[in-house]
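coords please:
(chains A and B)
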2 protein chains.
Amino acid sequence: MSHDDDSAAKVRTVCCTRRVLLGRPSLGTGRCVKLPVRETPIRVPGFRFAGVACGIKGGRKLDLALVHSETPATVAGMFTRNRVKAAPVVIAARHVRRGRAQAVLINSGNANACTGAAGARVAIAACRQTGIALGISPYDVLPCSTGKIGVVLPAVSMVRGIDAAVRALDAGALWQAAHAMRTTDAFPKVATRRLQVGGRSVTIAGLAKGAGMIAPDVATLLVCVITDARVAAPALRAFLRAAVATSFNAITVDGDMSTNDTVLVLANGAAGHAPLTPASAGGRCFAAALAGVMESLADMVVADGEGATKRVRVEVHGAATPAAARRVARSIAGSQLVKTAFYGADPNWGRIVCAAGYAGVLLRPERLGVRISGVEVLRRGEPAAPHVVRRAAAAMRRDTFTVAVDLGAGAGAATITTSDLTPAYVRFNSAYST
Amino acid sequence: MSHDDDSAAKVRTVCCTRRVLLGRPSLGTGRCVKLPVRETPIRVPGFRFAGVACGIKGGRKLDLALVHSETPATVAGMFTRNRVKAAPVVIAARHVRRGRAQAVLINSGNANACTGAAGARVAIAACRQTGIALGISPYDVLPCSTGKIGVVLPAVSMVRGIDAAVRALDAGALWQAAHAMRTTDAFPKVATRRLQVGGRSVTIAGLAKGAGMIAPDVATLLVCVITDARVAAPALRAFLRAAVATSFNAITVDGDMSTNDTVLVLANGAAGHAPLTPASAGGRCFAAALAGVMESLADMVVADGEGATKRVRVEVHGAATPAAARRVARSIAGSQLVKTAFYGADPNWGRIVCAAGYAGVLLRPERLGVRISGVEVLRRGEPAAPHVVRRAAAAMRRDTFTVAVDLGAGAGAATITTSDLTPAYVRFNSAYST
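Got it, this is the predicted structure:
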């Protein structure tokens, strides 16, 4: 059993380094825009994809994605914990509970959230129509929506779009589907891993969209992971929960949890090996690969954070428990003052320690340590000399860096990836109406 | 018994309306700067004040304030709940516990936070020196610091400053003291109320500093309220808790809770009436006046929020309980996406409802209502017509407006005052090192 994560690694590298600024962010109205990634062809046995323009966004913009498994797949899903759930979230969650699915229908440009009974009717009709067109049960169709809140999904566009999408289904069209999921995303987000299970080659591919409204409880996004691995639904649920913990539950952009967050995994078993369980050797390998796909996607979401110019890993260790470490990491990664200091490349350990202090966790200031990309700016509560702090400032001028905080109280550790808070984020979100 | 809050009302009006932008906020490096308020003379019988330059900030900038009561006063205090408490917070909290005090010593430019044993020694020495110079016990001196984190308070400057401050003490120098407390504050913050108790005239005056690191748990600030009312320490504690609940615990600027938050009330009894208790008629009148002073100061802090251009009252009603209403109000008032929409004058009820949804409170989307300055943009989950939404957008272009959210579930209500999130906030805090 071996991992082959070259393509994903490439995709990630491209996303995070090949970045150009269209106009100066301090003067323009816009945000950092990254160049499109290189779209290496990706196929997952037994799956077909489509990305079409159905008219929700207007013009020829891609706004409807369809993922279809030729045979029924097992499915697991996680959804927003926001009390205000969009209609498609309620319906998809109901369908996922059956443990099987065969299609995922994703539209962008309209979240179909806060749309009451009318919104639910359109979402249900879309499932029915997709089911008829594909010759499957409407309960095997999982609807997802992302975009503007408060507008009912236009039924006419969906009717036209579903027919076009079913006609366009193709095993080589994964990137088209990823493009059609985008809203404010600067680039499509795709990651893959390949592994060997019982002598069979297994592929895992993930498609995601997300750039704003990213909070650490299943960051605001739509994710669809597909694999030809054979996994029973209960095991798939366990795999998903574990992978989300280290990926989409470990990032933040702006701390806002959306109405539409959805993470789905479909496994169609086409690889033909014996069913995977979390305890088996194959299962452990699958778990690592699934987490790898999700962590790559999560990294891309933070790198694409609205207005973001930097991606920062906040690592907390030495906490009394992992839960305490997580609270402190979230508090630091979410602090507006810390995030503006990241933007200004200011090694402001005072703000970091202050944010740790209000995380609601017992801590002793005289034991705290802070390292920025390895440079120790605070050691057992004592600040470093100015020339050391200058070295940390230099490290913070890079695109990505790490802030490691030692609480000096135990063995609990946690990591959250966050972005900087920039004037471009504010300008973008004050001009853009969700 | 009657209130006379003319002077406070005037001060507040001036603060919030006479505002000029130094340079265009979208281009300049700075923030909104408000014109200085009109400094109406304020005296509180039995109290003297000083504001001097001791050299912490450098040059002739005022950076040390002293408030002195000629006779021992009863005292109550509330302090930051941040686990990383500055040295002066620890010492002041210890001194306050005795229930009496006679002087408050406040320096700006240095928070004396995360400074370990050395920081504590300087703070204790400052109390001792102030006590000797004033002929009072060092335990009757309450130290407060605000400014840069991580630098020990310079003892030499403090020694020089304390002597100068004691010499400068004057019953008419309250505004000088308010000026000396400022860090990033664009204007000094003072509010007063006068009332009659048992035929005697009673004055309450409050001095505050605060503009950034403002979260709803005793917003990051220093507040010193002084009165010639006669109140025993336990009753004063009850009065303070009640007044803070509707003032400093009901505002937010950036959600960051500082290491130095301190709110003090000193009552020297010079008015000579019978001691006030919360249950008595005089006590109720005093409670209302004290809350009035603190609410005025809290309003000024939000109006002076770093980079803020707007002050927004978020009123939540129809919640199952007051606590649920408070959670929803805090979630909306703290949401980055909502605050950027305030900046962009975008009546984005979708973001408001979304932030309500992740407050951790049960709510039914089909019952939600949102009014912006009286304009109903959402009614029982149904959005208003576009021309109505345009009226709401017009209201949001003003300096202050109200967002009222009806949860349709009960009688619980709560209000939080917040500011908008602007590119100037980010620029200011990425350039300024605390």
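
low-confidence stretches in the stretch 101-250 of chain A?
A:213-220 (pLDDT under 70).

which one of the residues in it is closest to chain B?
A:Ile149 (2.9 Å; C-beta to the nearest C-beta). Yep, even glycine has a C-beta here, placed from its N, CA and C like the rest.

element containing the closest residue in space to that residue that isn't next to it in sequence?
Spatial nearest neighbour of A:Ile149, excluding adjacent residues (C-beta to C-beta, 6 or more residues apart in numbering or on different chains): B:Gly350 at 2.9 Å. In this structure, B:Gly350 sits in helix B:349-357 according to DSSP states H and E.

helices or strands up against that helix?
For helix B:349-357, the packing partners by 3 or more C-beta pairs under 8 Å, 6 or more residues apart in numbering or on different chains; DSSP states H and E come out as helix B:322-334, helix B:336-343, strand B:369-372, strand B:375-379, strand B:400-406.

what average pLDDT does it get?
Throughout helix B:349-357, pLDDT has a mean value of 90.

give me the contact list for it.
With contact meaning C-beta atoms under 8 Å, 6 or more residues apart in numbering or on different chains, helix B:349-357 is reached by A:82-85, A:111, A:113-114, A:148-150, A:213, A:256-259, A:434, B:316, B:328, B:331-332, B:334-335, B:337-338, B:341, B:363, B:365, B:368, B:370, B:377-378, B:383, B:403, B:405, B:407.

okay, the residue sitting furthest away from the middle of chain A: pLDDT?
In chain A, A:Ala385 marks the outermost C-alpha relative to the chain mean, sitting 38.9 Å out by C-alpha atoms, centre = their mean. Confidence at A:Ala385, expressed as pLDDT, is 89.

kindly reformat the helices and strands packed on helix B:349-357 as TSV containing distance to B:Cys224, mean pLDDT and mean neighbour count.
TSV is the format used below for these (distance: least, C-beta to C-beta, whole Å; pLDDT from 0 to 100; neighbours: other C-beta atoms under 10 Å in any protein chain shown):
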stretch	distance to B:Cys224	mean pLDDT	mean neighbour count
helix B:322-334	26	92	23
helix B:336-343	29	91	27
strand B:369-372	36	96	23
strand B:375-379	40	94	20
strand B:400-406	26	96	20
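
could you dump the ones you listed into JSON lines with distance to B:Val104 added?
Listed next are the helices and strands packed on helix B:349-357 as JSON lines, based on distance: least, C-beta to C-beta, whole Å:
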{"stretch": "helix B:322-334", "distance to B:Val104": "30"}
{"stretch": "helix B:336-343", "distance to B:Val104": "33"}
{"stretch": "strand B:369-372", "distance to B:Val104": "41"}
{"stretch": "strand B:375-379", "distance to B:Val104": "45"}
{"stretch": "strand B:400-406", "distance to B:Val104": "31"}
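
mind putting the ones you listed in TSV, distance to chain A included?
Output for the helices and strands packed on helix B:349-357, formatted as TSV (distance: least, C-beta to the nearest C-beta, whole Å):
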stretch	distance to chain A
helix B:322-334	8
helix B:336-343	4
strand B:369-372	10
strand B:375-379	8
strand B:400-406	12
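
just give the nearest non-adjacent residue to A:Arg313, would you?
Nearest one to A:Arg313, counting by C-beta to C-beta, 6+ apart, is A:Thr402 at 4.5 Å.

what does A:Leu62 give?
A:Leu62 sits nearest to A:Ala180 (C-beta to C-beta, 6+ apart), 3.9 Å away.

how many other residues sit next to that neighbour?
30 (other C-beta atoms under 10 Å in any protein chain shown).

show me what contacts A:Gly161?
So A:Gly161 contacts A:52-56, A:63-64, A:107 (C-beta under 8 Å, 6+ apart).

mark which of those residues are buried, thanks.
The neighbour count (16 or more other C-beta atoms under 10 Å in any protein chain shown) marks A:52-56, A:63-64, A:107 as buried among these.

so the residue nearest the centre of chain A is in which element?
The structure's chain A has its C-alpha centroid closest to A:Ala298; by C-alpha atoms, centre = their mean the separation is 4.1 Å. In this assignment (DSSP H and E), A:Ala298 forms part of helix A:281-303.

could I have the CA atoms of that helix written out in PDB?
Provided in PDB are the C-alpha atoms of helix A:281-303 (Å, rounded to 0.1, in the frame of the first residue of the first chain):
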ATOM      1  CA  ALA A 281      -4.600  -1.800   7.500                       C
ATOM      2  CA  GLY A 282      -6.300  -0.800   4.300                       C
ATOM      3  CA  GLY A 283      -8.800   1.300   6.200                       C
ATOM      4  CA  ARG A 284      -6.000   3.200   8.000                       C
ATOM      5  CA  CYS A 285      -4.300   3.900   4.600                       C
ATOM      6  CA  PHE A 286      -7.700   5.000   3.200                       C
ATOM      7  CA  ALA A 287      -8.300   7.300   6.200                       C
ATOM      8  CA  ALA A 288      -4.900   8.900   5.800                       C
ATOM      9  CA  ALA A 289      -5.500   9.500   2.000                       C
ATOM     10  CA  LEU A 290      -9.000  10.800   2.600                       C
ATOM     11  CA  ALA A 291      -7.600  13.200   5.300                       C
ATOM     12  CA  GLY A 292      -4.900  14.200   2.800                       C
ATOM     13  CA  VAL A 293      -7.500  15.100   0.100                       C
ATOM     14  CA  MET A 294      -9.600  17.100   2.600                       C
ATOM     15  CA  GLU A 295      -6.500  18.900   4.100                       C
ATOM     16  CA  SER A 296      -5.400  19.900   0.600                       C
ATOM     17  CA  LEU A 297      -8.800  21.300  -0.200                       C
ATOM     18  CA  ALA A 298      -9.000  23.100   3.200                       C
ATOM     19  CA  ASP A 299      -5.500  24.700   2.500                       C
ATOM     20  CA  MET A 300      -6.800  25.900  -0.900                       C
ATOM     21  CA  VAL A 301      -9.900  27.400   0.700                       C
ATOM     22  CA  VAL A 302      -7.700  29.400   3.200                       C
ATOM     23  CA  ALA A 303      -5.300  30.400   0.400                       C
END
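
can you list the buried residues in it?
Within helix A:281-303, the residues scored as buried using 16+ other C-beta under 10 Å are A:282-283, A:285-303.

where do the helices sit along the stretch 151-300 of chain A?
According to DSSP state H, counting those that start in this stretch, the stretch 151-300 of chain A carries its helices in the segments A:155-168, A:174-180, A:233-246, A:281-303.

for those helices, give me TSV that also has distance to B:Leu276.
Putting these into TSV (distance: least, C-beta to C-beta, whole Å) gives the following:
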stretch	distance to B:Leu276
helix A:155-168	67
helix A:174-180	68
helix A:233-246	55
helix A:281-303	55
